[in-house]
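Participant: Task: produce atomic coordinates for the following.
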Amino acid sequence: MPAELRSTSHGTTLVLTISHPELRNALEPSIYAAGIEALGSAERNPDVRCAVITGAQGTFSAGGNLQRLQAQRAQGLQAPEESIRALHHWIEAIRTWPKPVIAAVEGAAAGAGFSLALACDLIVAARNARFAMAYTRVGLSPDGGASWSLARALPRTLAAELLLCGESVAAERLHALGVVNRLADPGSALEAALALADTLAAGAPNALASTKELLAEAEQQPLSAQLDLERAHFLRNLLHANAGEGMAAFLQKRPPQYR
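Facilitator: Predicted structure coming up:
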C-alpha cells in the first residue's frame with residue numbers, strides 16, 4: 001500500500017494519521033504535501049480548533065524511508081533536496097499554524113518521526129513508546145528541525161546525547177525531562193491527546209493563536225522586544241469579543257462560549 005496521510009475529524013479536532021504500515025509509517029513527500037494541505041484547509045475552518053498527528057497500527061513513525069534514500073544517492077542531490085525541503089515546509093507549517101497541534105505517539109518515533117513530534121506544540125506518548133534520533137547510526141545528520149527543537153528543549157549535554165548517540169529513549173525519560181507533556185497507557189495515546197485537544201478547544205481561539213505566536217517569538221527576541229509584542233497581543237485580545245465573553249463568564253460562574 002502507498003503511504004498516505006488520513007484526515008478525519010473528532011469534534012473540533014483535526015486528526016492526521018500517518019499510514020504506511022509495511023514500513024512502520026515511514027515518511028514520504030506525499031505525506032508532507034497532504035499535511036500542508038490539510039492544515040491550510042483547517043486553518044480557514046473556524047470549526048477546527050486543534051489538530052492531532054498520530055500514526056496507524058501502533059507506531060508513530062520510523063522516520064525517513066531508508067530504501068528510498070539509498071536509491072536516491074545514485075541520482076544526485078536534486079531528489080533528496082526536494083524531499084527534505086518538502087519535509088521542512090511541513091515542519092514550518094506545523095510550527096506556524098495558529099491553532100495547537102498535539103502529537104499522539106505510540107510505539108516508535110524515530111529520526112524524522114521524532115522531529116515531527118517535536119515540531120508539535122504538545123506531545124502525548126504511551127508509557128512504552130520509544131524515541132530515537134537515529135541519524136548518526138546510519139551515517140546521517142538530523143533534519144526536520146530536530147537540532148533546533150532539542151537545543152531549545154534541553155540542556156546542551158542532553159541534546160547532544162540524543163543527537164550524537166542515536167540511542168532509543170523511553171517516553172518516561174523524556175517526560176521527566178519535559179520533552180513529553182503527558183503519558184498515557186499503551187494503546188491510549190490518541191484518546192489522551194483528543195481529551196487534551198478538547199480542553200484546549202474550550203479556550204478562545206484568538207488567545208491560543210496569540211500565545212502560540214508569542215512562544216515562537218520568545219525563542220529569538222530580547223526581553224524588551226518580547227514585552228512590546230506581549231502588549232500588542234494583549235490589547236488586541238482585550239478588544240476582541242472573546243475577552244468580553246470570557247470575563248463575563250468568569251464573573252457569572254458559567255462556562256464561556258468562545259467563537
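
Participant: From the contact counts, what lies against the least confident helix or strand in the chain by mean pLDDT?
Facilitator: The weakest-scoring helix or strand in the chain, judged by mean pLDDT, DSSP states H and E, is helix 66-72 (a mean of 86). Packing partners of helix 66-72 (3 or more C-beta pairs under 8 Å, 6 or more residues apart in numbering; DSSP states H and E): helix 78-96. C-beta here means a position set from N, CA and C on the backbone, and glycine is covered the same way.

Participant: Sketch out the strands for the stretch 151-259 of the chain, chain order is fine.
Facilitator: Using DSSP state E, counting those that start in this stretch, the strands of the stretch 151-259 of the chain run over 169-170, 182-184.

Participant: Rebuild these as CSV, extending it with mean neighbour count, mean pLDDT and distance to residue 86.
Facilitator: As requested, the strands of the stretch 151-259 of the chain are exported to CSV (neighbours: other C-beta atoms under 10 Å; pLDDT from 0 to 100; distance: least, C-beta to C-beta, whole Å):
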stretch, mean neighbour count, mean pLDDT, distance to residue 86
strand 169-170, 18, 98, 27
strand 182-184, 19, 98, 30
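
Participant: how about the ones you listed in TSV, adding distance to residue 74?
Facilitator: Output for those, formatted as TSV (distance: least, C-beta to C-beta, whole Å):
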stretch	distance to residue 74
strand 169-170	33
strand 182-184	43
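
Participant: who's in contact with residue 36?
Facilitator: Residue 36 makes contact with 89-90, 93 under the criterion C-beta atoms under 8 Å, 6 or more residues apart in numbering.

Participant: Could you rerun that using 6 Å?
Facilitator: By C-beta atoms under 6 Å, 6 or more residues apart in numbering, the contact list for residue 36 reads 90, 93.

Participant: What distance do you get for the residue nearest the centre of the chain to residue 181?
Facilitator: Geometric centre of the chain, nearest residue: residue 120, 1.6 Å, by C-alpha atoms, centre = their mean. Distance of residue 120 to residue 181, given as C-beta to C-beta, to the nearest Å: 10 Å.

Participant: Quick check: which of the strands of the stretch 151-259 of the chain is nearest to residue 8?
Facilitator: Ranking the strands of the stretch 151-259 of the chain by proximity to residue 8 (C-beta to C-beta) places strand 182-184 first, at 19.3 Å.

Participant: The closest one packs against which elements?
Facilitator: If contacts are counted by 3 or more C-beta pairs under 6 Å, 6 or more residues apart in numbering; DSSP states H and E, strand 182-184 sits against strand 122-126.

Participant: The strand it packs on pairs with which strands?
Facilitator: Strand pairing for strand 122-126, determined by DSSP bridges: strand 101-105 (parallel), strand 182-184 (parallel).

Participant: Which residues does it contact?
Facilitator: By C-beta under 6 Å, 6+ apart, strand 122-126 touches 102-106, 117, 171, 180-182, 184, 186, 189, 192-193.

Participant: Just give me the neighbour total for the residue lying closest to residue 146 once chain neighbours are set aside.
Facilitator: Excluding the flanking residues, the one nearest residue 146 by C-beta to C-beta, 6 or more residues apart in numbering is residue 115, at 4.2 Å. By other C-beta atoms under 10 Å, 28 other residues sit near residue 115.
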